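Colleague: A structural model of the following input is requested.
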Amino acid sequence: MPESLKKSDGATSQVAADNHHRFREALETGHALYTERAKRNDKFYAGEQWDKADKERLEREGRPALTLNLILSTVNAMIGEQLDRKVDAHFTPLDTGTEATAFALNKIARVILNENNYDDIEENVFSDGLIGGRGYFDVRMSFLKNIQGKVCISMEDPIDVIIDGEAKEMDPKTWNEVFISRWMTPDEIGATYGWDKVEKVQVMAQDTGSGHDDNFDFGDRTFGGDSPATRDNSARTQLNRVRVVERQFFKVAEQWFFVDPITGALRAVPYGADKESREAFAQQYGFEVIKRKGRRVRMVVSCDDVLLKDDWSIYRSFTIVPFFPYFRRGNPFSAVDNLIDPQNLLNKTSSQELHIVNTTANSGWVIQEDSLVDMDAEDLEERGAETGLVLQYKRGYEAPEKITPNSIPTGIDRISQKAASTIREISSVNASMLGTARADQSGRAQEAATMRGQVQVSVVLSNLKRCRRTVLEKILELVQDFYTETRYFNIIGDDIMMAQGSNEQVGVNVPQDDGNILNDITVGDYGTEVGYRPSGGSLADKEMDEAIRLREMGVAIPDHVIVQYSRLTKRMELAKFLKDSQGFGEQSEEQAALEELQMEHQIGMLQKELEKADADIELARASALEKQMNAESLEDFNKADIETQKLEVQRALKEKELSLRIALAARGHQNANTMNVQRLQTSVAMKSMDMAIADKKEKPPQPKSKDK
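Modeller: Residues are numbered from 1 along each chain as shown. Model (predicted):
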C-alpha cells in the first residue's frame, strides 16, 4: 500500500502545504528573474523589441520606430545547424554487455525516438534553449496505449520547470530537486490521481480566503493569451484548470541492490519488485542481493493544499533532461541574452537616420506675409516637400526661400552598420552561414567562413550532444527497468539499404530452447555514443558520393550497391536485377549443385597433387636417411643431414602452396564446399604434425669409423 494512503488527512494536508511552500519559495527567488528574461527574449525573437511607452511617445511626436530584427535570422541560422544534424544513437557494450544486445538496443532506441517524433520535440527544446536559455525534455513511462508501458518523450515549458537553486552542473543526477508546474483539468486529475481528489480540489478552489487564487483558472480559455495565473478570477463560475506542482527530489533511504560478485557493480532493484521476483532475478543471473542506504528519488504531487501523491518514484533518476546552450557554474544563459543591446542600438540608430532624412526633405520655407497666390502658409507647410511643387507669389513681394537643412551628423550611418556587425560577431553567425555573402567572394572563401562560424557555434552543438547523451541514458534506464518481458519491435525502413515498405523484426528477452535468453536487455552495462547524421535525403546523397569516390580509388564496389544509394524510385528492383545478373545474388538449386560438383572436382585434383608430392618427398627422404646410415665419415653424414632438411623445407613449402591454392579455389566459387576445404586443410596439418613426431622419435645413426 502506498505510504500516501497511510497518512491521515491532516498529515497529507501538511505535506501538500510544505510542497506548495517550497515551490513558491523557489518560484519567487531566482526563477522569477529567469521568467522575466525569458519572456523578454521571446518578444525580441518575435520582433516586439520596443518598449511600449517609448514607442507611443515616438508615434505622438511623429517619429519612426523601426524594428530591424536581426535576432530572428541569427537564431534561425543556429536552429538550421541543429536541423542538419539529426541524432545518431549507438549503444556500446561495457564490462558485462554483449555486442548482440547492444545492436538490439540501437534498434529499440531508434523505434522509441521515431514513435515519439523526437526530431520535432528536439527542435522545440533547442529553440527554447537558444532563445530563453533553458529547454527541457521529460522522459518517463506511459501506460495509456500499452499496458506493459512504453517510453514517452515530451517537452516541458521552461517557465514551468524550476531546477535546484544550488545546482552547479548540467547533469540532473547532481541536482537535489526539481519542480514541474502543470495546468490540469479536473478530469485529468481524476484520471491520473483518483476521482476522490477532484472533490477536494473543487472545494479548495471555492475557498476565496486561501490566498492562492493564482492556482485556479475560472476564466475563458484563449490560444496564445494570458496565462491562468494572470487572469481575473473574481467571477468564479466554472473551474477550468488548476495548477499541479510535482516535486522530484533525492532522499537517502535504505533500498535493495543487485551486486555482481565478479565486477562488484551495483544496480538498484526496480521499484515495486517483491522479494520473490528480486531473488529469482538474482538467482537467474548469479547476482547477490544486499540492502544498503542510497539516494532514491521521492515524488510529491500536490494542488494547493490537496496532496495528490507522496511516494517513492518508480524511476532511478529525475524524469527531466535539460538543454542549456551556454552554461557557466550554475548559470545558464541563451544566445539572445547578449544580442539585446546591439539589437536595441540598431533599431534606435536606424530610426534616427530615417527621422533625419525625413526632416531634411522638408526643412521649411521663409516667405513674406500674404505673398503666396494659390496657397497659404499652412498649405506650404504640408506640401513643401512634394516633388515638382510650383509656387506662385504676388508681384512686388520677395520670392519664397527654402531653409537650408542641417547636415546629417558625421558617422551616424556607421553606428547602425556597427550594431549589425556586432550582432554577427557576438553570435558567430556570419554572412556565409546566412547565405548572404558577397557575390564577388569565391566559393572556397565562403566555405572557409562557414566553417569558422560553425566552429564557434560548436559550443552550443556540444551542449546539445551532451543533452542527447543524457536522453539516451534515460531511455536505457527505462528500457532495462520496464522492458523486462519478451517484446518484438518492427523497424520499417530503418536502413537506407532496406527496400521501401520492408520491415525488420527485432525481439528482446526471447527465451531459447537451450535455456538462454536472446537479446536480454535487462542486464549488462552499456555506454552511449551520440553522433550526427544528415537530415532528410542528404544522407543518401552523401553515401552515394562516398561510394563513387571509393570506386574511383579502385575499391571494387559492385554496381548494385551504387544503385541502392541512388534516389531512383525503383532502385531496389534495379539493384536486385544487377545483383542476380552479375552473380552476387542467390543461386538456384541446379546452379548450387553444379558449383558444388566443380568445387569437389577441383579439390579432388588438388588432393591428388598433394598426395603425389608427399610420395615424391617421402621417397627422397628415405633415400636421404639411407645415405645417413651408410655415411662413413662425419662430413658425409652432415651432407646427408643437410639434404634431409632441404627436403623437409621443400615439403613444407609445397604444403603451404597447395593449401593456399585450395583456399583461392574456394574463394573463387560463391557456394564453395567449405567443409571439404576445412577437411583438406586439417588433413594437411595432421600430416605435418605426424612427420614432426616421427622425426623426433627417429635418432640419426652414428657415422661408421674406419678405425673400428
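
Colleague: neighbours around the closest residue to Gln392 other than its chain neighbours, how many?
Modeller: With sequence-adjacent residues excluded and distances taken as CB to CB, 6 or more residues apart in numbering, Gln392 is closest to Val373, at 4.0 Å. From N, CA and C alone the C-beta is placed, and that goes for glycine too. Using other CB atoms under 10 Å, Val373 is surrounded by 11 other residues.

Colleague: hmm, Arg395 and Val373 touching each other?
Modeller: No. Taking contacts as CB atoms under 8 Å, Val373 lies outside contact range of Arg395: 9.6 Å.

Colleague: where does the stretch 301-450 of the chain have low pLDDT?
Modeller: The stretch 301-450 of the chain contains residues with pLDDT under 70 at 361-362, 406-408, 428, 430-450.

Colleague: nearest spatial neighbour of Val245, skipping sequence neighbours?
Modeller: According to CB to CB, 6+ apart, the nearest residue to Val245 is Phe23 (4.7 Å).

Colleague: wait, is that neighbour part of a helix?
Modeller: Yes. With DSSP: H, G, I helix; E, B strand; the rest coil as the criterion, Phe23 is part of a helix.

Colleague: average pLDDT across the top strand by length along the chain?
Modeller: Identified as the longest strand of the chain according to DSSP state E is strand 241-259. Mean pLDDT, computed over strand 241-259, is 91.

Colleague: any buried residues in it, and which?
Modeller: Buried residues in strand 241-259, counted by 16 or more other CB atoms under 10 Å: 241-250, 256-259.

Colleague: where do the strands sit along the stretch 501-650 of the chain?
Modeller: Under the criterion DSSP state E, counting those that start in this stretch, the stretch 501-650 of the chain carries strands at the ranges 503-508, 510-511, 517-518, 526-533.

Colleague: out of those strands, nearest to Asn116?
Modeller: strand 526-533 (16.7 Å; CB to CB).

Colleague: and the nearest residue to Gln480 once chain neighbours are set aside, how many neighbours?
Modeller: Nearest non-adjacent residue to Gln480, counting by CB to CB, 6+ apart: Thr522, 5.6 Å away. Thr522 has 19 neighbours, counted by other CB under 10 Å.

Colleague: change the start of the numbering to 42 and stick with it
Modeller: With 42 as the first residue, the last one maps to Thr563.

Colleague: from Ile162, how far out is Thr563?
Modeller: Look at Thr563 and Ile162: by CB to CB, to the nearest Å, they are 27 Å apart.

Colleague: strands of the stretch 392-541 of the chain, start to end?
Modeller: Going by DSSP E, counting those that start in this stretch, the stretch 392-541 of the chain shows strands at 406-407, 442-443, 528-533.

Colleague: could I get the ones you listed as JSON lines with distance to Leu99?
Modeller: Formatted as JSON lines, the strands of the stretch 392-541 of the chain follow (distance: least, CB to CB, whole Å):
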{"stretch": "strand 406-407", "distance to Leu99": "26"}
{"stretch": "strand 442-443", "distance to Leu99": "27"}
{"stretch": "strand 528-533", "distance to Leu99": "58"}
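
Colleague: packed most tightly, which of these would that be?
Modeller: Sort the strands of the stretch 392-541 of the chain by mean neighbour count, taking mean count of other CB atoms under 10 Å, and strand 528-533 sits at the top with a mean of 14.

Colleague: average model confidence for that strand?
Modeller: Strand 528-533 comes out with an average pLDDT of 82.

Colleague: which helices and strands sit right next to it?
Modeller: With contacts taken as 3 or more CB pairs under 8 Å, 6 or more residues apart in numbering; DSSP states H and E, strand 528-533 sits against helix 140-156, strand 544-549.

Colleague: format those as CSV; extra columns: mean neighbour count and mean pLDDT.
Modeller: Output for the helices and strands packed on strand 528-533, formatted as CSV (neighbours: other CB atoms under 10 Å; pLDDT from 0 to 100):
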stretch, mean neighbour count, mean pLDDT
helix 140-156, 19, 91
strand 544-549, 15, 81
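
Colleague: which among the ones you listed is found nearest to Glu77?
Modeller: In terms of CB to CB, the element of the helices and strands packed on strand 528-533 nearest to Glu77 is helix 140-156, at 34.5 Å.

Colleague: now do the closest one against strand 567-574, angle only.
Modeller: 50 degrees (axes from the mean of the first three to the mean of the last three CA atoms, to 10 degrees).

Colleague: for the helix or strand just after helix 140-156, packing partners?
Modeller: Counting by DSSP states H and E, the next helix or strand C-terminal to helix 140-156 is helix 159-173. The elements that helix 159-173 packs onto, with contact taken as 3+ CB pairs under 8 Å, 6+ apart, are helix 71-87, helix 111-124, strand 127-134, strand 176-183, strand 191-197, strand 361-364, helix 484-523.

Colleague: okay, Asn388 and Ile172: tell me how far apart.
Modeller: For Asn388, the distance to Ile172 equals 18 Å [CB to CB].

Colleague: of those two, who's got more company?
Modeller: Ile172 (24 against 20).

Colleague: enumerate every residue touching the more buried one.
Modeller: Contact analysis of Ile172 by CB atoms under 8 Å, 6 or more residues apart in numbering lists Ala79, Asn82, Asp83, Tyr86, Val116, Ser375, Ala376, Val377.

Colleague: just send the residues you listed back as TSV, with neighbour count and distance to Ala426 too.
Modeller: Below are the contacts of Ile172 laid out as TSV (neighbours: other CB atoms under 10 Å; distance: CB to CB, whole Å):
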residue	neighbour count	distance to Ala426
Ala79	22	45
Asn82	22	40
Asp83	15	40
Tyr86	22	37
Val116	23	39
Ser375	24	44
Ala376	23	43
Val377	24	39
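
Colleague: Gln623: which of the residues you listed is nearest?
Modeller: Of all the contacts of Ile172, Val116 has the smallest distance to Gln623: 51.2 Å, by CB to CB.

Colleague: what residues are up against the closest one?
Modeller: Tyr86, Ser168, Leu171, Ile172, Ala376, Val377.

Colleague: wait, Glu407 touches Pro441, no?
Modeller: Wrong residue type there; residue 407 is Val, not Glu. Yes. Between Val407 and Pro441 a contact is recorded at 6.9 Å, counting by CB under 8 Å.

Colleague: where does the residue lying closest to Arg507 once chain neighbours are set aside land in three-state SS?
Modeller: What sits nearest to Arg507 in space, not counting adjacent residues and going by CB to CB, 6+ apart, is Met211, at 6.5 Å. At Met211, secondary structure determined by three-state DSSP is coil.
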